[in-house]
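Asks: Model the structure of this input:
(chains A and B)
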2 protein chains.
Amino acid sequence: MMSASERLSIFALGGLNEIGKNMYVVQYADDIFIIDCGGKFPDESLLGIDLIIPDITYLEENRKNIRGMIVTHGHEDHIGGIPYFLKKLNVPIYATNFTLGLIDLKLQEHRLRRETKLIPIHSESKLELGRVGVSFFKVSHSIPDCLGIVFHTPEGNVVHTGDFKFDLTPENNQSTDIHKMAQIGTEGVLALISESTNAERKGLTPSERTVSGHMDEAFHRAEGKIFVSTFASNVNRVQQVVASCIKTNRKLALLGRSMVNIVDVALERGYVDIPEGMLIDASAVDKMNPEKVTILCTGSQGEPMAALSRLSTGNFRDVAIYPGDTVILAASPIPGNERDVSKIIDNLFKLGANVIYGSGSSTGMHVSGHGYQEDLKLMLTLMKPTYFIPIHGEYRMLHHHRLLAESVGVEKGNTFIMRNGDVVDIEHSTATQTRSVPAGDTYVDGMGVGDVGEIVLRDRKQLSEDGMLVIVITLSKRDRKMISGPDIISRGFVYAKNSDDLLREMNQLVSKTVKDLHGESRQWNVLKKSIKKSVGEFVFAQTKRKPMILPIIIEI
Amino acid sequence: MMSASERLSIFALGGLNEIGKNMYVVQYADDIFIIDCGGKFPDESLLGIDLIIPDITYLEENRKNIRGMIVTHGHEDHIGGIPYFLKKLNVPIYATNFTLGLIDLKLQEHRLRRETKLIPIHSESKLELGRVGVSFFKVSHSIPDCLGIVFHTPEGNVVHTGDFKFDLTPENNQSTDIHKMAQIGTEGVLALISESTNAERKGLTPSERTVSGHMDEAFHRAEGKIFVSTFASNVNRVQQVVASCIKTNRKLALLGRSMVNIVDVALERGYVDIPEGMLIDASAVDKMNPEKVTILCTGSQGEPMAALSRLSTGNFRDVAIYPGDTVILAASPIPGNERDVSKIIDNLFKLGANVIYGSGSSTGMHVSGHGYQEDLKLMLTLMKPTYFIPIHGEYRMLHHHRLLAESVGVEKGNTFIMRNGDVVDIEHSTATQTRSVPAGDTYVDGMGVGDVGEIVLRDRKQLSEDGMLVIVITLSKRDRKMISGPDIISRGFVYAKNSDDLLREMNQLVSKTVKDLHGESRQWNVLKKSIKKSVGEFVFAQTKRKPMILPIIIEI
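Replies: A predicted model of the protein is given here:
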């Protein structure tokens, strides 16, 4: 009989019940494999937070057993946490050529290049790490060079799909390797870990190729400059724009830091093909015949500092949008970004641009990189897993993915819908989910990682809603009489100039509170509490607001 | 020749380049008519603001000429500002029976009932106010008893559509009066003011009637309790739920304050028909056979305090959702609310509910109350206006509405796309847009109306992102030496307990700044500025954050 430590364990440190910060772990006995290390952008409730990354306590505690991190592809929700991870745990990173290029950009920025071990792999690589063999298969997605992973463990084979769709007519030969996948399924899959992003959507994802017809048509109709905004990492979409430029004899300028950087990586590493002389500098755009130039730019998600947003308000240094120019939004807004994107569309129309965007119905300028229900069922059918772990999605997506799995033959009870940290253990071919490891959100704020927690956020929330009142009084050490103050300073509460009466009444109230308590207590905390209470109640009765009240007592 | 004051003027004080706070003005010479007075819910950038209402400076300055406010229908974006308006300007309010019922709810809440003059009208009413005749026509929308308005002025007829769609098979006989509209068009329309909400959407809005088939089907399939969440004011949708309850022999409970209140108004005034004995109290739900009860609840927009949200987290006192219950979301999320609604859907699935919601494709459980492109074109065709003013929409919607108008024969140049406050003047049958009146957002925060402005919001924003540092020093009046402090208090910046070093270094820095400046300046402002600068630069270098720095100097 095997010892307990011979078991196979699978869990997520991020990516379950959320879209973002994907990080999965496959562990066989003492061999730990990390899959991806993504970031997630905070919603508006996380005031001031720049990025969320996974809590890696478990990995820090088991650092000696980590055999490496394998990165499936180069999207932010799969690589965004890597620099922060590496500052705590220096492990070798395995990824394909293009993915490594994007990781390398991050390492440069964080000055981590020298000490990091990057190991290039490709779909035919085979690794032996500890007692586990690792092999790969190609999948299609909205970024080049994506992998699915097979872990060959003594307990059985575990497959992680990465992000995927089935695209039979991809751009740039980025096709799913269906034959290899069928072979993996034939050999037997103990557990399948598969992404769930579009598990709610019926049908099959349209091919990336379908975009090119619409793109060509828009280019042929356009009379002024053409702006195309898309994700910089969607290199195949970039290639389609290049193709449309060739057909209409237009030059191409790149706007936005990530567009310039990522196209650079793609050019260097051979993932995009741009004819000699087609690329021009942004500063040259305004001097050219508008009908002979296209601008590829960042900002399709409405990011206020990105190129498209600045173009839409006329705040871009080198390039301006004129009436009659065409602007193509070749990306869908990610949920939560709709309002920002709409604002930009309004501003573009105000500039007189012809804006091609999805208003209810699709314009054909974007297709999803994530498989719809039929794609997901095809994956499940090819792999025929005994156990199934849906990942990469909100709860409702995982739930629908389970129904899909059961519809193609995964046994009821063999699907595990988990939370981050929940562990599936497989031993003697039997899977159970009874334990969990630490998991959660780590907040990045400026240069701080993990130093902003619930208390700081709660304060920020109160400050953001009703502002604050700082109340300073100076007491004599000798007799505890007030010798200066109260000074009341408000910020974010009411405009002080228009609130003389309110401030005067508060002032009197504080003086009275100090006087009433005099002698009764020599403890500042009691005095502070009294001031907070009396001022808080007064302010709420007068204004229905609850500013933070901060009494400060100086003793002299 | 007429004097300048004989002109006809049309403008908006809210509703242009936005969805919300609708308020329009039609003025002929000295007769001012106000149409609607809506509120708008703030987006997350307006920290702490509860409601936005129109700036009514123009009306306050011309109060003696106001002949009344005519309210087209009872949605919040058309009546939400009325109590605040009435506190400044007491004018008679004209509205239909059901609309008056909803306005009355607000007046009760704000204790304005006694002094307000409410005048019931209906589609056949005719008013003569000053030199202007006012008549009406029925339109269909997602709330009962909606009106379009015709102003018969000496300069010509002005038509305001209200919110509308063409519904040939409405519930409850709430049909558009097409014959009357055709007659109005035949008599001649100088200017049409028409809503633009769905000007981007192709086709014709589906009829409200289409919902009932889907509702019946879901009711017939359901095995446990059924929860239906919709807008309380969508009384026809409520009637459909009642009909489905009758067919499946279910009782009906109402959850949520606005659901109870508005159904009450609808019952009292005869806009909904609920069989004797069908309504049960919420407290009775849990004792009943689940297959014999339906719950109608508020919260379809994900509002965190509304019934559906509290049900989804098991926090409702009387009623709980059990595995196998069905939850129907019979409303679409308004842009900006998608994320909150998704969170609720996830939680409902976690409870084991069968959730019927729109995931990409429609479930048929909701249709829009606003006309699509073909509806808008039909209105334009019936009215044949000389001049056209698209209202009630973001810029892109107004823009598309103009294109629709031109496609059905409105002359190019005769459409006015305006901003709030921009005035179209029509004189001698000629329209020009050259002047504007004051217009803007007035913020309601707690009990304050208009006391929170840009400065307070800017402070809240800074506080929300990086918190604050209060720095108190006490100086001797005699020699300006520091006799106490610096005391540094931080909130929302970093968790102080983990930031000893940072706070100590700041402390030293402030002491040094005070010492360096000693004698050089006797002005506190200079000292405060120096502290702000030195601490600000230090903190940014250390943390990449920019907390609000608030130096306080006490002189003793």
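
Asks: The longest helix along chain A - what's its average pLDDT?
Replies: Taking DSSP state H as the criterion, chain A has its longest helix at helix A:524-543. For helix A:524-543, mean pLDDT rounds to 90.

Asks: And the helix or strand following that helix, what does it pack against?
Replies: The helix or strand immediately downstream of helix A:524-543 is strand A:548-555, counting by DSSP states H and E. Counting contacts by 3 or more Cβ pairs under 8 Å, 6 or more residues apart in numbering or on different chains; DSSP states H and E, strand A:548-555 is packed against helix A:454-466, strand A:468-475, helix A:524-543, strand B:468-475, strand B:482-491. The C-beta positions use only the backbone N, C-alpha and C, and glycine is treated the same way.

Asks: count of residues packed around residue A:437?
Replies: A count of nearby residues for residue A:437, using other Cβ atoms under 10 Å in any protein chain shown, gives 20.

Asks: follow-up on the earlier one: export the helices and strands packed on strand A:548-555 as JSON lines, with columns for mean neighbour count.
Replies: What follows is these, written out as JSON lines (neighbours: other Cβ atoms under 10 Å in any protein chain shown):
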{"stretch": "helix A:454-466", "mean neighbour count": "20"}
{"stretch": "strand A:468-475", "mean neighbour count": "23"}
{"stretch": "helix A:524-543", "mean neighbour count": "16"}
{"stretch": "strand B:468-475", "mean neighbour count": "23"}
{"stretch": "strand B:482-491", "mean neighbour count": "19"}
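
Asks: Including distance to residue B:451, could the ones you listed go into JSON lines?
Replies: Converted to JSON lines, the helices and strands packed on strand A:548-555 look like this (distance: least, Cβ to Cβ, whole Å):
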{"stretch": "helix A:454-466", "distance to residue B:451": "12"}
{"stretch": "strand A:468-475", "distance to residue B:451": "15"}
{"stretch": "helix A:524-543", "distance to residue B:451": "8"}
{"stretch": "strand B:468-475", "distance to residue B:451": "21"}
{"stretch": "strand B:482-491", "distance to residue B:451": "23"}
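
Asks: out of the ones you listed, which comes closest to residue B:354?
Replies: helix A:454-466 (34.4 Å; Cβ to Cβ).

Asks: which other residues reach the closest one?
Replies: A:45-49, A:492-493, A:545-548, B:47-48, B:445-446, B:460-461, B:463-465, B:467-468, B:491-495 (Cβ atoms under 8 Å, 6 or more residues apart in numbering or on different chains).

Asks: filter those to the buried ones?
Replies: Applying a neighbour-count criterion of 16 or more other Cβ atoms under 10 Å in any protein chain shown, the buried members of the contacts of helix A:454-466 are A:46-49, A:492-493, A:545-548, B:47-48, B:445-446, B:460-461, B:463-465, B:467-468, B:491-494.

Asks: Is the helix-or-strand element of chain A with minimal mean pLDDT in proximity to chain B?
Replies: Taking mean pLDDT, DSSP states H and E as the measure, chain A has strand A:448-449 as its least confident helix or strand, at a mean of 85. Yes. Shown here: strand A:448-449 in contact with chain B (Cβ under 8 Å from any Cβ of the partner chain) through residue A:448.

Asks: That strand: partners in the sheet, and parallel or antiparallel?
Replies: Here strand A:448-449 has these sheet partners by DSSP bridges: strand A:441-445 (antiparallel).

Asks: For the strand it pairs with, buried residues please.
Replies: Neighbour count says strand A:441-445 has A:441-445 buried, by 16+ other Cβ under 10 Å.

Asks: can you check stretch A:114-121 too?
Replies: So, applying 16+ other Cβ under 10 Å, buried residues of stretch A:114-121: A:116, A:118, A:121.

Asks: model confidence over stretch A:135-154, on average?
Replies: For stretch A:135-154, mean pLDDT rounds to 96.

Asks: Quick check: buried residues in that stretch?
Replies: Quick answer for stretch A:135-154 (16+ other Cβ under 10 Å): A:135-153.

Asks: swap in stretch A:332-341?
Replies: For stretch A:332-341, the neighbour count (16+ other Cβ under 10 Å) marks A:332-333, A:336-338, A:340-341 as buried.

Asks: Report the secondary structure state of the residue in the stretch 151-300 of chain A that chain B sits nearest to.
Replies: Going by Cβ to the nearest Cβ, chain B is nearest to residue A:200 of the stretch 151-300 of chain A, at 3.8 Å. What DSSP: H, G, I helix; E, B strand; the rest coil gives for residue A:200 is coil.

Asks: how near is it to residue A:334?
Replies: Distance of residue A:200 to residue A:334, computed by Cβ to Cβ, to the nearest Å: 15 Å.

Asks: How about residue A:176?
Replies: On the measure of Cβ to Cβ, residue A:176 and residue A:334 end up 24 Å apart.
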